[in-house]
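Participant: Sequence isn't available, so here's the structure alone:
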């Protein structure tokens, strides 16, 4: 059952990668990146149990912390201005919140 | 006793994998950014919770269970924060919705 869960998570990561490649705006890509990060934490935990080495959980913890900090830092940046993304709306700088 | 724990663990792992798949499919096929976010949060609540619970059933009462609980607490507190920041940033940037409430006709000048 561990192998089945690992396969399901790998398919989920593939679907999220397709969304990150197709995503019309930068927020779609960020949402996909966040989901990939969560799936990577779970994959690390599952692989540790699958190979009989549960020490991989420490890596999962560190990866989760980096994921959260990365997403929030990038969002703080994108609230100020865009990166010339084609799908991003142009009239954002008049609503500071 | 151990077979009961094995069955429970297998059920939780299968459920977690299923919900992760559902979240991934929703992330790909939903028509809108906000509905996509709604689908993607299935991965972080039900998928992660069930998979971590299944692994806890396999680990027993050891330090590994404590680490799994730490991973679960991290996901439990951090992923709603990230989702909230994402939705708020999208709202502030006037992300289009499925039913747009007000079409902005004239573009105001961005000078304060």
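Facilitator: Now that the structure is in, tell me what you want to look at. This one's a predicted model, so the numbers in the text were calculated from it and none came from an experiment.
Participant: what comes up buried for the longest helix anywhere in chain B?
Facilitator: Counting residues, the longest helix found in chain B (DSSP state H) is helix B:63-92. Residues B:64-65, B:67-68, B:71-72, B:74-75, B:78-79, B:82-83, B:85-87, B:89-90 are the ones in helix B:63-92 that count as buried (16 or more other C-beta atoms under 10 Å in any protein chain shown). Where C-beta positions appear, they are placed from N, C-alpha and C, glycine not excepted.
Participant: Quick one: distance of that helix to the chain centre.
Facilitator: Centre-to-centre, helix B:63-92 and its host chain are 8 Å apart (C-alpha atoms, centre = their mean, to the nearest Å).
Participant: what is the mean pLDDT for stretch B:64-83?
Facilitator: Across stretch B:64-83, the average pLDDT comes to 89.
Participant: Show me what it is in contact with.
Facilitator: Residues from elsewhere that reach stretch B:64-83 (C-beta atoms under 8 Å, 6 or more residues apart in numbering or on different chains): A:34, A:38, A:41, A:45, A:54, A:57-58, A:60-61, A:64-65, A:67-68, A:71-72, A:75, B:37, B:41, B:44-45, B:48-49, B:52, B:55-56, B:59.
Participant: Apply the buried test to the residues you listed and list what passes.
Facilitator: Neighbour-count burial (16+ other C-beta under 10 Å) applied to those gives A:34, A:38, A:41, A:45, A:54, A:57, A:60-61, A:64, A:67-68, A:71-72, A:75, B:37, B:41, B:44, B:48-49, B:52, B:55-56, B:59.
Participant: doesn't residue B:14 make contact with residue A:5?
Facilitator: Yes. Residue A:5 lies in contact with residue B:14 (C-beta atoms under 8 Å); the separation is 7.2 Å.
Participant: who's more crowded, these two?
Facilitator: Using other C-beta atoms under 10 Å in any protein chain shown as the criterion, residue A:5 and residue B:14 rank with residue A:5 on top: 29 against 17.
Participant: For the more buried one, give me its contacts.
Facilitator: Contacts for residue A:5 were tallied using C-beta under 8 Å, 6+ apart; they are A:46, B:13, B:14, B:16, B:17, B:51, B:54.
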